[in-house]
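**Q** got a structure for you, letters missing:
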C-alpha cells in the first residue's frame, strides 16, 4: 500500500487541565498483552503526584460548589465525547487487555454506560443519603452529603478502562476531585481518557491522570497531608496495607481493595465512601400553647 | 538643591546639578536585555536539594517582609500578621522569624506592639504609596508619621512621572528629603515600580539614582501593578548594588516584591543574589522578599523536609 509514515502518538499526563510530560522526564515502555511495544508512557515521579494534588485542590472549590444538576450535565457530556472516540478506545482496550475486537467493544460500551449511570446519580445521591431527621426539640434537623475533598484513586490494574471509569466517575460525581494513578501495565486508555475530559466541560484539575509505577506514586499520595481520601482499588494486599498505614496519619478515608466484577451494575458504595454528612439544625420558632407558630 | 547628606562617597559630584546627573545616568552602560534574561533564566536552573534546600528555606523565611497592604486591613489582621511573623510555624519553634512586617503607616503602632520584643522589624510604606502622586510636604508628613509611630523601615515610592519625564534631580531631591525625614531611626527602602519604568535601562538608572540619594535598600515594586519582581529585573538591581559598592564602598540592600509565591521561586532569587552580588548579601540585613503568600509555601516545604510528607494548606495559617 502507501509508503506513508504513520504518526505515533506521544502519551502524556493529564494534570490541571494540561498535558505535561513527567517532571522527571522519564518514560516507560507499554506493551500489549503479547509483549509487543505499543507506546512510551510517562513514568511519573512523586513531584508529579504533588503537582496533581495542587491542581486537584485548586479545582475542588469550583467543582464541589457547582450544582449537582450541572455536574450531571458535564458528566453526561463526557459520555457523549467517549461515544465519539469509541473506535479509538476499542483499539486501545483490545491491545491493552488482549481482547478480541468484539469483546473490547463490549467493554467500551459498558464503560460509556457507566459514565451515564453515574451522571444520573449526581442530583439524586443527596435524596438517598441525606434526609430530614426527627429530633426531640423545636428544630428542623437536616443531613446532607458533602464531598470529602481531594481523593487519590489507584485505578484497577486489570480492567484498564471499564475498571478505571468505575472508580473515577463515582468520586467526581459527588463533587470530589481526583488524582488517578492509571493501571501500571495498561495506562494508555486512562491517558486517552484525559483527552476526552479535556474536551468535555470538566474543569481542569477535577480529574488528574498519572501513569507510572503504582507503588512509587501512591506512597507520597497516601502520606500527603492535603489528600482527604484514597481508593486502593489498584493496590495488591501488601501495598494496600502499607498505604493504609501511611494514610492514617491525617485520618484519610480509605476504601480497601475488593474483588469486583466491573460489568455488573454497581451500588452507591463507591459514592458514599467519599462523602461526609453535614447536619444542620434550624429552629422552627416557638411552639406556643396553640401549637406550631407556622 | 541637593542636600549634602549622602555625599560622602566618590560619586558625590554627579549630583551637583540636573545636567550632571542626567549625563551620569545616561552614561551608564546600556542593558543587554536578551543577555540579562538569559542569564537570569540560566541561574534559575540550579538544583538546590536536601541540606542546601533546608538552609535556603530558612534563610528565605528570615528574609520575608510579611506584607499586608489592603484597604481592608484591620488592627486584628495586623496583629495576626505580627504573631505569624514572630512564630511563622507555631508547631515548630525552630522556624526562624521573618525579617519584618510591612504595613500602612496608620497600622505601624499596632504592628509594633504585635512584634514587640521579638526582633521582628516593622516596615511601613509611605510617601502616598502606591502611586506616589502627592505634594512633597504630604509625602514627608506621611513618612514622619510612620517614623514617629515607631517604624524601623520606610518603603517609599519614587515619583515615576518625574523620572520618566527626565527630571532626575527632582526624584533625587525627594529621596534625599525622605531619607532625612527617616533620620537615624529608620532604614529607607526606595521602590522604583519597575513595571512602570518600561525599559531595563531605566531600571538601571533608577537603581543608581536611588543609591546616590542614600537609599538603604532598592526595591523593585509595590505589588500593585501587573508586572512586579522578576528574576531579570532583580538581577539587574543586584548588579547595580554590586557595582555601587565596588565604586563607593557603600553596601545597599535589594528587595524584590510582588509575584514571588513559591519556595522554588524564592530559592532562584537566592541563587541570583549569591552569584551576582555575592554571599555578603545573603542576610536579611541586605536582602528581603516582599511577600505574603510566599511564607506559607516556604513553611509547607519546610514541613515536607522535616517530616518527609507533603504538607497542605490546612497546616498553615490562612491570612
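**A** Sure, I can see it. The model shown is predicted, which means the values in this text are computed figures rather than measured ones.
**Q** buried stuff in the helix or strand encompassing residue A:79?
**A** Per DSSP states H and E: residue A:79 is located in helix A:68-84. Within helix A:68-84, the residues scored as buried using 16 or more other CB atoms under 10 Å in any protein chain shown are A:68, A:71-72, A:74-79, A:81-82. Every residue, glycine included, has its C-beta placed from N, CA and C.
**Q** centroid residue for chain B?
**A** Nearest to the mean C-alpha position of chain B, counting by CA atoms, centre = their mean, stands residue B:255 at 2.5 Å.
**Q** what's near enough to touch it?
**A** B:65, B:189, B:217-220, B:287-290 (CB atoms under 8 Å, 6 or more residues apart in numbering or on different chains).
**Q** Residues of chain A that sit close to chain B?
**A** A:50, A:53, A:57, A:220, A:223-227, A:249 (CB under 8 Å from any CB of the partner chain).
**Q** so of the residues you listed, which ones are in helices?
**A** If you go by DSSP state H, these have A:50, A:53, A:57, A:220, A:223 in helices.
**Q** ok, now which ones touch the residue in chain A that chain B sits nearest to?
**A** Proximity of chain A to chain B (CB to the nearest CB) peaks at residue A:226, 2.4 Å away. Residues counted as contacts of residue A:226 (CB under 8 Å, 6+ apart) are A:53, A:57, A:150, B:310-314.
**Q** what residues does chain B put near chain A?
**A** Residues of chain B lying close to chain A (CB under 8 Å from any CB) are B:303, B:308-315.
**Q** helix, strand or coil for residue B:138?
**A** Look at residue B:138: counting by DSSP: H, G, I helix; E, B strand; the rest coil, its state is helix.
**Q** what's the neighbour count on it?
**A** 12 (other CB atoms under 10 Å in any protein chain shown).
**Q** Quick one: distance of stretch B:26-39 to the chain centre.
**A** Distance of stretch B:26-39 from the chain centroid (CA atoms, centre = their mean, to the nearest Å) equals 21 Å.
**Q** in stretch B:276-287, what's buried?
**A** By 16+ other CB under 10 Å, the buried positions in stretch B:276-287 come out as B:276-277, B:281-282, B:284, B:286-287.
**Q** How about stretch A:140-156?
**A** If you call a residue buried by 16+ other CB under 10 Å, then stretch A:140-156 has these buried ones: A:145, A:147-156.
**Q** what about stretch A:77-90, start to end distance?
**A** Stretch A:77-90 has its terminal residues 19 Å apart, counting by CA to CA, to the nearest Å.
**Q** Can you classify residue A:34 by secondary structure?
**A** Going by three-state DSSP: residue A:34 is coil.
**Q** tell me the contacts of the residue lying closest to it once chain neighbours are set aside?
**A** Leaving aside its sequence neighbours, residue A:34 sits nearest to residue A:98 (CB to CB, 6 or more residues apart in numbering or on different chains; 6.9 Å). Residues in contact with residue A:98, defined by CB under 8 Å, 6+ apart, are A:32-34.
**Q** coming back round to it: which ones among the buried residues of stretch A:140-156 lie within strands?
**A** Among the buried residues of stretch A:140-156, the members found in strands (DSSP state E) are A:145, A:147, A:150-154.
**Q** before we move on, back to that, so, if you compare the residues of chain A next to chain B, which one comes nearest to residue A:267?
**A** Of all the residues of chain A next to chain B, residue A:227 has the smallest distance to residue A:267: 24.7 Å, by CB to CB.
**Q** What about that closest one, how many residues nearby?
**A** Quick note: residue A:227 (other CB under 10 Å) scores 27 neighbours.
**Q** now swap in the one 4 residues further on and tell me
**A** Residue A:231 has 27 neighbouring residues, counting by other CB under 10 Å.
**Q** contacting residues for it?
**A** Applying CB under 8 Å, 6+ apart to residue A:231 gives the contacts A:151-154, A:167, A:171, A:255, A:270, A:273-274.
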